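# Could you work out the structure for the sequence below:
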Amino acid sequence: MPVTARVKVDSKNRLIVRKLTLDGVWSLTPGHDLKFRVLGSDGELSGKTLIFTGNIENVKGDSISFRIRDYQSVLGIRSGSIRLTGRWKADKYNRLTFQVSKAKSRYDTLTFQGKWEVGKNNEIIYRYSKTHLKTKKREARTLVFSGYWDIEKSRLTYRIERSSDSYFSFKAALRIKAVTAGKRKLEYTVGVRYVKERVYRKTRETVTIYGKWKVDRDLKVSFDVVYSGGKRKKIGFGVERIFKDDISLKFFLADKRGASLGLSVEFAKVFRNDAEFFLALERAGIEYSIIGGIKVRF
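Next up, the predicted model:
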């Protein structure tokens, strides 16, 4: 995405303001300011790097907005906002990134070097601090991403609300592979490479998603998650197989593509008073029977 700038030029003791469009590369500084390296310009800005100092004021599924606090005198910008469009992704180190849209399907990457966490409302929260150049005071800042969770084999995916292209897909490993329906949380271990005090560090964080296990009469299993504002979204699962005993059903789960998750959930006393359901199970005289389109092992 090119930037359009107002440049002040002193010509014959007169101040002339002209507009020009600059091509270049966007990135994010370690201090979370916006950087633009000018490319392909024949003017005075060719090869220069412009720093837009300020705060990130808004994140959406297809954009990020910066409020400029200090200005670049060469551009004549004193205040205002810069909005970049694109998509959110996670990189190979499980860090948050924003890919800035450019022409011909190209993009620049803004990399958020710090750690992220999952909040009490099952949302992704990114915290960072800013140091004011004039006062030297540090200010805590927080970005909250609205969306919902999905689960795939060896990955946790957070899909940004109101966007089909923006999602964070993290490499992750289950902490507990066999749970009961009364355990109202899913726990994963996620490795993150991040920067602290200008040094790259690695950590293995526990990501916990809170919800409620459900199974319906068609033997469809879901995990009902509540997000901020009371919004609910179900994580749906496929079922590889089911084990039955006198008081419970144990489901071995798959993702939506049918890949095994290595996760099982046990529902104790489920359908205990449903005579028709259990009669159907007891009448099965072979090792596998199709109940609701699912293989059930007896």
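# make it CA atoms for all contacts and neighbour counts henceforth
OK.
# Neighbours of residue 37, how many?
Number of residues near residue 37 (other C-alpha atoms under 10 Å) recorded here: 17.
# can you check residue 68 too?
Residues lying near residue 68 (other C-alpha under 10 Å) number 22.
# can you pull the contacts of the spatially closest residue to residue 191 that is not a sequence neighbour?
Leaving out its chain neighbours, the residue that sits closest to residue 191 by C-alpha to C-alpha, 6 or more residues apart in numbering is residue 204, at 4.3 Å. By C-alpha atoms under 8 Å, 6 or more residues apart in numbering, the contact list for residue 204 reads 189-192.
# try residue 250
242-244, 264-267.
# can you rerun that using 10 Å?
Neighbouring residues of residue 250 by C-alpha atoms under 10 Å, 6 or more residues apart in numbering: 178-181, 241-244, 264-268, 270, 296.
# Give me the buried subset of those residues.
179, 181, 241-242, 264-268, 296 (16 or more other C-alpha atoms under 10 Å).
# roughly how far is the biggest strand by length in the chain from the heart of the chain?
Of all segments of type strand in the chain, defined using DSSP state E, the longest is strand 199-215. Relative to its parent chain, strand 199-215 has a centroid offset of 12 Å by C-alpha atoms, centre = their mean, to the nearest Å.
# Which SSE is immediately downstream of that strand?
Toward the C-terminus, strand 199-215 is succeeded by strand 221-226 as the next helix or strand (DSSP states H and E).
# helices or strands next to that following strand in the packing?
When contacts are defined as 3 or more C-alpha pairs under 10 Å, 6 or more residues apart in numbering; DSSP states H and E, strand 221-226 packs onto strand 147-152, strand 185-196, strand 199-215, strand 232-236, strand 238-244, strand 248-254.
# Helices - which of the buried ones among the contacts of residue 250 land there?
Counting by DSSP state H, the buried ones among the contacts of residue 250 place none of their members in helices.
# how close does the residue nearest to residue 191 get to residue 120?
For residue 204, the distance to residue 120 (C-alpha to C-alpha, to the nearest Å) stands at 19 Å.
# what's the answer for residue 181, then?
Where residue 120 is concerned, residue 181 sits at a distance of 20 Å (C-alpha to C-alpha).
# With residue 34 instead?
30 Å.
# Look at these two and report which has more neighbours.
residue 34 (21 against 14).
# give the contact list for that one.
26-28, 50-56, 66, 68, 82, 110.
# Show me what the most centrally placed residue in the chain bridges to in the sheet.
Residue closest to the mean C-alpha point of the chain, counted by C-alpha atoms, centre = their mean, is residue 168 at 3.4 Å. On the basis of DSSP bridges, residue 168 is bridged to residue 158.
# That one contacts residue 146, correct?
No - judged on C-alpha atoms under 10 Å, residue 168 makes no contact with residue 146 at a distance of 11.8 Å.
# Can you check which residues contact both of those two?
With C-alpha under 10 Å, 6+ apart, residue 168 and residue 146 have common neighbours 124, 158-160.
# Low-confidence ranges, the stretch 1-150 of the chain, go.
Applying pLDDT under 70 to the stretch 1-150 of the chain flags the ranges 1-20, 40-43, 70-79, 133.
# what sits against the nearest residue to residue 196 once chain neighbours are set aside?
Excluding the flanking residues, the one nearest residue 196 by C-alpha to C-alpha, 6+ apart is residue 114, at 7.2 Å. For residue 114, the contacting residues are 30, 95-96, 126-128, 192-196, 200-201, by C-alpha under 10 Å, 6+ apart.
# do the same with residue 138
128-132.
# Identify the bridge partners of it.
residue 131.
# quick one: the strands in the stretch 1-150 of the chain?
Secondary structure of the stretch 1-150 of the chain (DSSP state E, counting those that start in this stretch): strands at 3-11, 14-28, 34-39, 49-52, 54-60, 63-68, 80-90, 96-101, 107-112, 116-118, 124-131, 138-145, 147-152.
# wait, which of those is closest to residue 260?
Closest approach to residue 260 among those (C-alpha to C-alpha): strand 147-152, 8.8 Å.
# roughly how far out does the closest one sit from the chain middle?
Using C-alpha atoms, centre = their mean, the offset of strand 147-152 from its chain centre is 9 Å.
# can you check stretch 169-186 too?
Averaging C-alpha coordinates over stretch 169-186 and over its chain gives two centres that are 18 Å apart (C-alpha atoms, centre = their mean).
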